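1. The following comprises the amino acid sequence and a computationally predicted model.
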Amino acid sequence: MLLVHFGACDRIVIKEFEGTVRQIELRATTLITYDGRVVYIPNQEVFSAVITNNTVSGKRRTSVSVGITYDTDINTVKKILNDTVLKVVGVEPEPKPITLVRELGPSEVNIEVRFWVNSQRLPFIAMTSEAAQAIKESLQSAEIGLATVPKIKVIQLNDDR
């Protein structure tokens, strides 16, 4: 007997496949990937695989990272990131967001805000995207510039003497 810890409509990861369970039959489990592919995974493989069920707990942590210039006040940015994600519909107030300085790059300081979303109500990827957009708009409103990658123009010189 196959003991499964997921059901139809659960969002799971089995091996390299991630998507929504459409059907569990005697011989195979049918998964619809997030890009619309239909994957039939033999239950023999399902039984022996490590399975991640992304819908069981109801909450998932996600994060958004931004790069700021070295002359930007880090504490101001951390407050804006924290306040902004808490205003996004679907972001859970508890556990509280955590804002971290992740890297001191060659031309920017990379800051990450980690927050929890209710993955039962809204799609996880869409929530992360909404938070990223809200963060970008909040930083722009506060006139905080994001670090940009310098553009390098390559000029080829020909020696036509």
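-> Sure thing, it's come through.
2. CA atoms of stretch 137-149 as PDB?
-> Provided in PDB are the C-alpha atoms of stretch 137-149 (Å, rounded to 0.1, in the frame of the first residue of the first chain):
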ATOM      1  CA  GLU A 137       7.900  51.600  -5.600                       C
ATOM      2  CA  SER A 138       8.400  52.400  -1.900                       C
ATOM      3  CA  LEU A 139      12.100  52.900  -2.400                       C
ATOM      4  CA  GLN A 140      11.500  55.200  -5.400                       C
ATOM      5  CA  SER A 141       8.900  57.200  -3.400                       C
ATOM      6  CA  ALA A 142      11.500  57.700  -0.700                       C
ATOM      7  CA  GLU A 143      14.000  58.800  -3.400                       C
ATOM      8  CA  ILE A 144      16.300  55.900  -2.600                       C
ATOM      9  CA  GLY A 145      18.200  54.800  -5.700                       C
ATOM     10  CA  LEU A 146      18.900  51.200  -6.300                       C
ATOM     11  CA  ALA A 147      22.300  50.200  -7.400                       C
ATOM     12  CA  THR A 148      22.700  49.600 -11.100                       C
ATOM     13  CA  VAL A 149      25.200  47.500 -12.900                       C
END
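3. How far off centre is that stretch?
-> Relative to the chain's own centre, stretch 137-149 is displaced by 20 Å; criterion: CA atoms, centre = their mean, to the nearest Å.
4. can you list contacts of that stretch?
-> 66-69, 72, 76-77, 80-81, 83-84, 105, 107-109, 136 (CB atoms under 8 Å, 6 or more residues apart in numbering). (Glycine included, C-beta is placed from N, CA and C.)
5. go with 7 Å
-> 66, 67, 68, 69, 72, 77, 80, 84, 107, 108 (CB atoms under 7 Å, 6 or more residues apart in numbering).
6. for the longest helix along the chain, which positions count as buried?
-> Of all the elements of type helix in the chain, the one with the most residues (DSSP state H) is helix 124-141. Taking 16 or more other CB atoms under 10 Å as the neighbour-count basis, helix 124-141 is seen to contain the buried residues 124, 127, 128, 130, 131, 132, 134, 135, 138, 139.
7. Okay, the last one and residue 71: tell me how far apart.
-> Read it as residue 139. In this view, residue 139 and residue 71 are 14 Å apart by CB to CB, to the nearest Å.
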